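Engineer: need coordinates for the below:
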Amino acid sequence: MNDLYINVGSEKCCLFVKMSTFLVGALDRRPLLYYAVEEALECAGIGHYGIGILAFSQLLNLFNRDTPSSRHIVAHELLRQRPTEQMFEETVEAFKIAASEQSDHECGKHGSIADYHQSVLRDWNEFIKEHHKT
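Structural biologist: The predicted structure follows:
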């Protein structure tokens, strides 16, 4: 297994991305982003893309990526221009790329891919246990 994908969202929604220690840590520090992803995916499913653009832009910012122009449109031009599915998909794709690059970077620095994946899974399971008490 060369890649480790984990569902960001919840049992209601799926968005599989390459997981990294950095991403798990970022979600652990900002657990509401995890739920924002869920809401973003649900809203996109019914044709409302603004919250998704905002949520995924925030995640991109965690990776020190430039804020997508679509986020500025949603935040500042919402009354003039409605967010589109294309804007949403481009923002999600940019997040997936950032997550993949981070995962690849961390994996490349680690001695063993299997040990790295085991470490990330352990962090992920701790995150889920801590933030999804039911």
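
Engineer: okay, now Ser57: neighbour count?
Structural biologist: The number of residues packed near Ser57 is 22, by other CB atoms under 10 Å. No exception for glycine: its C-beta is placed from N, CA and C like everyone else's.

Engineer: that one reaches Glu90, doesn't it?
Structural biologist: No. In this structure, Ser57 is not within contact of Glu90 by CB atoms under 8 Å, at 10.8 Å.

Engineer: following the longest helix along the chain in sequence, what is the next regular element?
Structural biologist: In the chain, taking DSSP state H as the definition, the longest helix is helix 85-109. Sequence-wise, the next helix or strand downstream of helix 85-109 (DSSP states H and E) is helix 113-131.

Engineer: helices or strands up against that following helix?
Structural biologist: helix 21-29, helix 31-45, helix 85-109 (3 or more CB pairs under 8 Å, 6 or more residues apart in numbering; DSSP states H and E).

Engineer: one step back: could you say what helices and strands the longest helix of the chain packs with?
Structural biologist: Using 3+ CB pairs under 8 Å, 6+ apart as the contact test, the elements touching helix 85-109 are strand 16-18, helix 21-29, helix 50-62, helix 69-76, helix 113-131.

Engineer: nearest to Glu38, out of those?
Structural biologist: helix 50-62 (9.2 Å; CB to CB).

Engineer: how about the helices and strands packed on helix 85-109, which one is nearest Ile6?
Structural biologist: Once the helices and strands packed on helix 85-109 are compared by CB to CB, helix 113-131 is nearest, at 5.7 Å.

Engineer: alright, that wraps it up for me.
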